[in-house]
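Visitor: turn this into a model:
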Amino acid sequence: MNLGEILHKEKIELLHFWESFEDGESTMEERLAALKYLAGIVYFHRKKSLKRLRKHFNKNYKNMFNLTCFVCGEKCQHRHHIIPLVNGGINSKLNRVPLCRNCHISIHPWMQ
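Guide: I've put the predicted structure just below:
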């Protein structure tokens, strides 16, 4: 599979993720489980430095603090790439979600 096909597959997966939560009737556990699942997907391992990707992402970082946590509704303290950049995740609004610290730690226990 070439890079274009991989990125297309990833975009379809992310669109499906967002569509599954449009009705607003999902539970915290369902949202957290979906985020944990997608965080484990590896589309490809990036060989280049993530520094440039993160720099672009950090420009819009402050805008996310006006949002609430996607999982529990508390005040947003972290931003999370649904599919991690290192695993081939894209650096777009489609692949970002605002999270509170506790929910982010639930996805990445190493953050404690």
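
Visitor: next, count neighbours for Phe44.
Guide: The number of residues packed near Phe44 is 13, by other Cβ atoms under 10 Å. Where you see a C-beta, it was placed from the backbone N, CA and C, and this is true even at glycine.

Visitor: what does the model give the closest residue to it other than its chain neighbours for pLDDT?
Guide: With Cβ to Cβ, 6 or more residues apart in numbering as the criterion, Phe44 has its nearest non-adjacent residue at 4.2 Å, and that residue is Gly88. Model confidence at Gly88, expressed as pLDDT, equals 82.

Visitor: Gly88 against Leu38, yeah?
Guide: No. Between Gly88 and Leu38 there is no contact under Cβ atoms under 8 Å: 11.7 Å.

Visitor: just give me the residue right at the centre of this protein.
Guide: For the chain, Ile82 is the residue whose C-alpha lies nearest the centre (Cα atoms, centre = their mean; 1.8 Å).

Visitor: how near is it to Lys93?
Guide: Separation of Ile82 from Lys93 (Cβ to Cβ, to the nearest Å) stands at 11 Å.
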